[in-house]
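A.B. asks: This is a predicted model, with the sequence first.
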Amino acid sequence: MNDTLLWILSGTLILAGFAGIVLPALPGTLLVFAGIVLGAWIDDFTRVGWVALAAIAVLALLAWAMDYVAAMLGAKRAGASRLAIAGAVVGTVAGIFMGLVGVLFMPLVGAAVGEFIARRQHGQALRVGIATWLGLLAGMLAKFVLAFMMVGIFVFALAV
């Protein structure tokens, strides 16, 4: 396969990874990492070596863990029930079919509905929904920052 086509595929994987940070149907950080590994492979790992790839892999694992930790911390801090957490997951999946607005706000709705079913308290349900939603947004922001750092290390290694 032509190197130009492989570089296009590498860039496409990285861009799809950034989309996947917002869209839960795509494994965002994994796609960014795959695009970077492909780019390093195209160059026979001469400019992007194993040290850079190891640093990028650590950032990818950190981004993956951050996704779960941020959402759970937001939910736990507000005293969320298991139904609230399950509702956030269902809301996230349902939001995929509603576009960007659905992806951003359906986890809040799902967590609030789950909490309301569990405890039948309007105020608590809304508080849990908002805390879970803020945790998800914080995780998404952290994943963006880490993905940009991954790409930054990759580009720096290519340029040097």
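C.D. replies: Thanks, I have the structure now.
A.B. asks: which SSE is residue 144 in?
C.D. replies: Element membership for residue 144, per DSSP states H and E: helix 122-159.
A.B. asks: center of this structure, which residue is that?
C.D. replies: Among the residues of the chain, residue 21 comes closest to the average C-alpha position under C-alpha atoms, centre = their mean, at 3.7 Å.
A.B. asks: Next, count neighbours for the nearest residue to residue 130 once chain neighbours are set aside.
C.D. replies: Ranked by C-beta to C-beta, 6 or more residues apart in numbering and with sequence neighbours excluded, the top spatial neighbour of residue 130 is residue 108, at 6.5 Å. Placement of C-beta: from N, CA and C, glycine included. Residues near residue 108, counting by other C-beta atoms under 10 Å, number 24.
A.B. asks: still on that earlier bit, is it true that the residue nearest to the centre of the chain touches residue 28?
C.D. replies: Yes. Counting by C-beta atoms under 8 Å, residue 21 does reach residue 28; the two are 3.9 Å apart.
A.B. asks: Could you pull out the residues contacting both of these two?
C.D. replies: Between them, residue 21 and residue 28 share the neighbouring residues 143, 147, with contact defined by C-beta atoms under 8 Å, 6 or more residues apart in numbering.
A.B. asks: which non-adjacent residue is nearest residue 158?
C.D. replies: residue 47 (5.2 Å).
A.B. asks: Next one: the one you found relative to residue 157, how far apart?
C.D. replies: The gap separating residue 47 from residue 157 is 6 Å, by C-beta to C-beta, to the nearest Å.
A.B. asks: who's more crowded, the two?
C.D. replies: Counted by other C-beta under 10 Å, residue 47 and residue 157 do not tie: residue 157 has more neighbours, with 22 against 15.
A.B. asks: Thanks again, I'm all set now.
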